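Visitor: Here's my sequence, what's the structure:
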Amino acid sequence: MSVPPRAVIVAAGPGHRLRPHTDDRPKCMVDVGGKALLDWQRDALAQVGIDAVTVVRGYKGEAIHGPGLEFAENPNYARNNILGSLLCAEKALAEGCVISYSDILYGRDVVAPLVATDADIAIVVDVAWQAAYVGREGHPPAEAELVSVRDGRVVEAGKGLAPETAHGEFIGLLKLSARGAAIFCEAYHRARAVYGADRPFRRAARFERAYLTDMFEELAAAGVTVVPVEIRGGWREIDVPGDLERARAWWAARA
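Guide: The predicted structure is shown next:
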C-alpha cells in the first residue's frame, strides 16, 4: 500500500441547489454536526495518513478556511465543471493524490479501502447505492453517476446508465498514483486539444462542462484500467437542502 502524499478537494462550484445554505459560502463549508463538511473530510483523510490538502476554490472562495490548507484557484468556475476545476490543481496531482468532491460526507471507513489499493487509477463505487435514495427528494436516482464494470475494470460511467445493469454509483472519491496522475492529465490535455471547449465530449454537451466520469469513459476507451473500489454505503452526498438534513441526522446516529 502506498499512501498518497496529498488530497485535492474540488470545491469551486456555486452549489445553487443547496440554497439558502450556500448563499454566503460554498458547499464544503456548510455545517454538519457542529463542523464544516470540509473539516469532516480532512479528519477522514488524516486518519489514513493524508494531512496535506489542496482545495480548488471558485465561488465564495474566501469563505474556505482551515489550518494548513493550500489552494488552487478556478476563476472560470461559472463556465466549467468539476473536470476543469480539478485541472486547476494539476501541479498538486503530480506525486499522486486522493481526489474528493467537496459535497460528500464520509469517514475513515470509506477512504481506507481506496488508499489500500495499488491501482494507478481507482474510484470508489457504492454497490449498495440505491438504499440512500429511499425517501430522498430533489435528487432522483436518474442523477446518480453510475458505473458499469467488466472484468474488474470500469467501462462506462456517468448519468443515464441503466440502474439494473450498473455495478454501482461513483461517490466522488478517487485515487491517482503518480503514474496514474500523469496518465489522467495527459488524457485530459489530449482531449482538450481535440474537443476544444465547446464540442460534445462523452456524456457532456460541451467539453468544458465535463464531469470526472466523462474522463473515466475516455480512459477506458483508450485501454486504461480504472479500478472500482467497492463499498456498501457509509457516505452521503449533500446536493439539496433535504440532503443536508438527512446527512446531519445520519451522521449524528453514527457518533
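
Visitor: Now that K175 has come up, it's in contact with P4, right?
Guide: Yes. K175 is within contact range of P4, at 6.3 Å (criterion: C-beta atoms under 8 Å). Heads up, the C-betas are built off the backbone N, CA and C, glycines and all.

Visitor: Those two: which has the busier surroundings?
Guide: K175 (28 against 25; other C-beta atoms under 10 Å).

Visitor: Would you list the phi and psi of the more buried one?
Guide: phi -130, psi 140 (degrees, to the nearest 10).

Visitor: For it, which residues are in contact?
Guide: K175 is in contact with 4, 96-99, 114-115, 117, 119, 121-123, 229, counting by C-beta atoms under 8 Å, 6 or more residues apart in numbering.

Visitor: redo that, cut-off 7 Å
Guide: P4, V98, L114, V115, T117, A122 (C-beta atoms under 7 Å, 6 or more residues apart in numbering).

Visitor: Using neighbour counts, trim those residues to the buried set.
Guide: For the contacts of K175, a burial check counting by 16 or more other C-beta atoms under 10 Å picks out P4, V98, L114, V115, T117, A122.

Visitor: Can you classify the residue nearest in space to the middle of the chain by secondary structure?
Guide: The residue lying closest to the centre of the chain (C-alpha atoms, centre = their mean) is G172, at 2.6 Å. Classification of G172 by DSSP: H, G, I helix; E, B strand; the rest coil places it in strand.

Visitor: I'd say it and Y101 touch.
Guide: Yes. Judged on C-beta atoms under 7 Å, G172 makes contact with Y101 at a distance of 3.1 Å.

Visitor: Need the overlap of contacts for K175 and P4.
Guide: With contacts taken as C-beta under 7 Å, 6+ apart, K175 and P4 have V98 as neighbours in common.

Visitor: in a strand, that's where I99 is, yeah?
Guide: Yes. Judged by three-state DSSP, I99 forms part of a strand.
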